[in-house]
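> sequence first, then the predicted structure:
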Amino acid sequence: MDSPTPATPPTAPTTDGHSSNGLGGGTLATGGGALKTLEQFIIEREADAPGSKGQFSRLLRDIVVAAKIVDRDVRKAGLVDLFGDTGDVNVQGEVQKKLDLLAHEEFVRALRRGGEVCLIGSEEHAEAIPLLFEDCQGKYVVLFDPLDGSSNVDVNVSIGTIFSIYRIPDDHVGRVTMASALQSGRKQVAAGYVVYGSSTVLVYTTGNGVNGFTLDPSIGEFLLSHPGIRTPERGRMYSVNEGNYNSWEDGLKEYIKWMQTEAPDDTPPRPYTTRYIGSFVADFHRNLMKGGVYIYPANARNPNGKLRLMYEANPMALIVEQAGGRAETGHGPILDVEPGALHDRCPVYIGSRDMVDDAIGFLSGERTSDG
Ligand SMILES: O=P(O)(O)OC[C@H]1O[C@](O)(COP(=O)(O)O)[C@@H](O)[C@@H]1O
Ligand SMILES: [Mg+2]
Ligand SMILES: [Mg+2]
């Protein structure tokens, strides 16, 4: 399935957004039927793509191999001295965790070995890393956050990996440069994330719906546990670091005040519930499955927000739009932002469509907490 075409905006939700098991999002495959492996799923999808030469499938498999190795290391981190810092500060100005570096190296190794990628960009490396110099025809750019939720690494709280995939633009073949990685999120050919939590789940899209796979450690295979994920139009939870409240713009303060105001007759009744794990990938996954909104706004300390556009905001924005949700900067869709640099940051309002609508309504001043 060579390079699916850039994502098409999803059609209106086909399901009612609520599955028979009460969870939002996709239907959990239950019952005795053997679950499809990710490998089988990829091969089937490859068969759908006319004239494919298998490059994209091989790339996905390289990512899956790296994810399994990182999963293994995350689960034994406390036993093999993988907790703690490397002592270095990364390009973000953050103290680098040993697992940040390990995960970075695992993904670079797997993508280099696979041979389908010309250029990679990582949160843990200042410049984009060229892997191939010529013959980049039909090859890919992979941008990734090797370990998301670094502040939770040493305390056994869910963390993850986030990845975004582009094709090398045809007019860049033969002269691939850093600029080849700087494409707007709309041009992604695929995006995904892995959550290393109570179980290990990989969720991805190629612009044709969203599917989730759970790693069965007993066989070392990802199995299709969440086919056709749709996120509820509205949930009960919001995720934001309220410690930054005083540095927020008034519209956001109004929105959060409205969420916290008693209104039992509202549908759904207010107040909403706050859930903030401090790992974007984990907060995002919960909200995707159950409905909710995650916000990392601009604030005094981070005038462009904290999250990185190319390997945190863009991939999650593609996934949430494909699942029927919405992803905004406060000034327009995240996927329409033209990147200027690999580590650009942007404000993030992402999740259930009606809840992001509410937030944008308050930010623009159209709505106030008095009604
Ligand atoms: O501690 P804060 O300011 O709330 O930031 C938490 C956010 O920062 C992040 O940890 C940033 O990602 P990294 O851990 O990959 O640097 C997000 O996962 C998380 O949502
Ligand atoms: Mg991150
Ligand atoms: Mg990270």
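Great, that's in hand. Numbers count the residues shown, from 1 in each chain. Ligands and ions are numbered 1, 2, ... in the order given.

> tell me which stretches of the stretch 251-371 of the chain form strands.
Ranges of strands in the stretch 251-371 of the chain, per DSSP state E, counting those that start in this stretch, are 273-274, 292-296, 326-328, 348-351.

> who's in contact with the last one?
To tie it back to what came earlier, the one meant is strand 348-351. For strand 348-351, contacts defined as C-beta atoms under 8 Å, 6 or more residues apart in numbering pick out 231, 235, 284, 287-288, 291-297, 305, 307, 312-313, 316-317, 320, 325-330, 334, 356, 359-360, 363. Backbone N, C-alpha and C define where each C-beta goes, glycine included.

> that one pairs with which strands?
strand 292-296 (antiparallel), strand 326-328 (antiparallel) (DSSP bridges).

> can you name the residue of the stretch 251-371 of the chain nearest ligand 2?
Residue nearest to ligand 2 within the stretch 251-371 of the chain: residue 312 (5.0 Å; C-beta to the ion).

> isn't that residue right next to residue 148, touching?
Yes - at 6.9 Å, residue 312 counts as touching residue 148 under the criterion of C-beta atoms under 8 Å.

> find residues that contact each of the two.
Joint contacts of residue 312 and residue 148 (C-beta under 8 Å, 6+ apart) are 162, 280.

> close to ligand 1: what parts of the stretch 51-200 of the chain are there?
For the stretch 51-200 of the chain, the contact set with ligand 1 under C-beta under 6 Å from any ligand atom comprises 123, 145, 148, 149, 150, 151.

> from these, which are also near ligand 2?
Restricting these to those adjacent to ligand 2 (criterion: C-beta under 5 Å from the ion) gives 145, 148.

> export the residues of the stretch 51-200 of the chain next to ligand 1 to TSV and tack on distance to residue 179 and neighbour count?
TSV is the format used below for those (distance: C-beta to C-beta, whole Å; neighbours: other C-beta atoms under 10 Å):
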residue	distance to residue 179	neighbour count
123	19	26
145	21	29
148	25	29
149	30	22
150	28	24
151	32	12
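
> out of the residues of the stretch 51-200 of the chain next to ligand 1, which sit inside helices?
Counting by DSSP state H, none of the members of those fall within helices.

> got the contact list for the residue of the stretch 251-371 of the chain found nearest ligand 3?
Ligand 3 sits closest to residue 312 of the stretch 251-371 of the chain, with a gap of 7.9 Å, by C-beta to the ion. Contact analysis of residue 312 by C-beta under 8 Å, 6+ apart lists 123, 145, 148, 162, 280, 348.

> so which residues on the chain come close to ligand 2?
145, 148, 312.

> partner residues bridging the second one?
This means residue 148. Applying DSSP bridges, one finds that residue 148 bridges with residue 160.

> next up, the contacts around it.
159, 160, 161, 162, 193, 279, 280, 281, 312 are the contacts of residue 148 under C-beta under 8 Å, 6+ apart.

> which SS state does the fourth one fall under?
If I follow you right, that is residue 162. strand (DSSP: H, G, I helix; E, B strand; the rest coil).

> show me the longest helix that occurs in this protein.
helix 55-75.

> in that one, what's buried?
Residues 55-57, 59-71, 73-74 are the ones in helix 55-75 that count as buried (16 or more other C-beta atoms under 10 Å).

> all good on my end, thank you.
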